[in-house]
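In: got a predicted structure here, sequence first:
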Amino acid sequence: MAQTEVEVNIRKKRTLPDQMSQAQFALYEKIALGTRAAESAFPLVDEKGALTGPFDAMLLIPEIGDALQAVGSAIRFSGHLTDRAREIAILLVAHHHGSAFEVFAHEAVGRRIGLTDSDLADLSECRAPHSADEYERAVSTTVNYLLRHADLDDDSYISAVEHLGEDLLFEINALVGYYSLLAVQIKIFGV
């Protein structure tokens, strides 16, 4: 039992700003003070100054962490999905992987952009919200198919392209991959 407690404590250790290399601190500032922080519906830094969620692990190799956070930033702030569709997709990925932190974080964002408690309950069951329009249902169907099969069969591909276009299908694929990666990262590093 003591070994398990030690493992949990090791996984909960966070890097504080005064312990960071110059490269780590530069990445820390991008995350803690950049667009993501300004738009966040949840705290990106804890009471001691350490990054929350998946971001602290990104400091382990700042060059990779920076590239990874840039992908996430592009998905959140430069993509073409509507805000509701993007948060629906993120929450479907989070629930699929059982990622409590991502659920917590993106339910807060979802509420801010208009998802209701009923919508969030539907998403917790990995289904499109009852309030979803045709576009949001197409996003939900595509995300769920990708999560179950890691691919689209020909009919699913044709349907996604007809309803969303190839550009949004690419964006959805990137979103599912990125948030799936974060879900695993959060599990490994004990957030």
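Out: Ah, there it is. Computed from a predicted structure; not experimentally measured. Numbering: from 1, shown residues only.

In: just the CA trace of the longest helix along the chain, in CSV.
Out: If you go by DSSP state H, the chain has its longest helix at helix 166-188. Taking Å, rounded to 0.1, in the frame of the first residue of the first chain, the C-alpha atoms of helix 166-188 are listed here in CSV:
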residue,chain,number,x,y,z
GLU,A,166,-13.6,17.8,-45.8
ASP,A,167,-12.1,20.8,-44.0
LEU,A,168,-14.2,20.3,-40.9
LEU,A,169,-13.6,16.5,-41.1
PHE,A,170,-9.9,17.3,-40.9
GLU,A,171,-10.5,19.6,-37.9
ILE,A,172,-12.6,17.0,-36.2
ASN,A,173,-9.9,14.4,-36.8
ALA,A,174,-7.2,16.7,-35.3
LEU,A,175,-9.5,17.5,-32.3
VAL,A,176,-10.2,13.8,-31.6
GLY,A,177,-6.5,13.0,-31.8
TYR,A,178,-5.4,15.9,-29.7
TYR,A,179,-7.9,15.5,-26.9
SER,A,180,-7.4,11.7,-26.9
LEU,A,181,-3.7,12.3,-26.4
LEU,A,182,-4.4,14.7,-23.5
ALA,A,183,-6.7,12.1,-21.9
VAL,A,184,-3.8,9.6,-21.9
GLN,A,185,-1.3,12.2,-20.8
ILE,A,186,-3.6,13.2,-17.8
LYS,A,187,-3.9,9.5,-16.8
ILE,A,188,-0.1,8.9,-17.0
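
In: which parts of that helix are buried?
Out: By 16 or more other CB atoms under 10 Å, the buried positions in helix 166-188 come out as 168-169, 171-172, 175-176, 178-183, 185-186. For glycine as for every other residue, the C-beta is placed from the backbone atoms N, C-alpha and C.

In: next, format those residues as TSV and append pLDDT and distance to Ala132.
Out: Listed next are these as TSV, based on pLDDT from 0 to 100; distance: CB to CB, whole Å:
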residue	pLDDT	distance to Ala132
Leu168	98	15
Leu169	98	18
Glu171	98	18
Ile172	98	15
Leu175	98	17
Val176	98	17
Tyr178	98	22
Tyr179	98	19
Ser180	98	22
Leu181	97	26
Leu182	96	24
Ala183	96	23
Gln185	94	29
Ile186	92	26
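
In: closest to Thr52 among the residues you listed?
Out: Ranked by distance to Thr52 (CB to CB), the buried residues of helix 166-188 are led by Ile186 at 10.5 Å.

In: roughly how far apart are that closest one and His95?
Out: Per CB to CB, to the nearest Å, Ile186 is found 14 Å from His95.

In: try Glu125
Out: Taking CB to CB, one finds Glu125 at 8 Å from His95.
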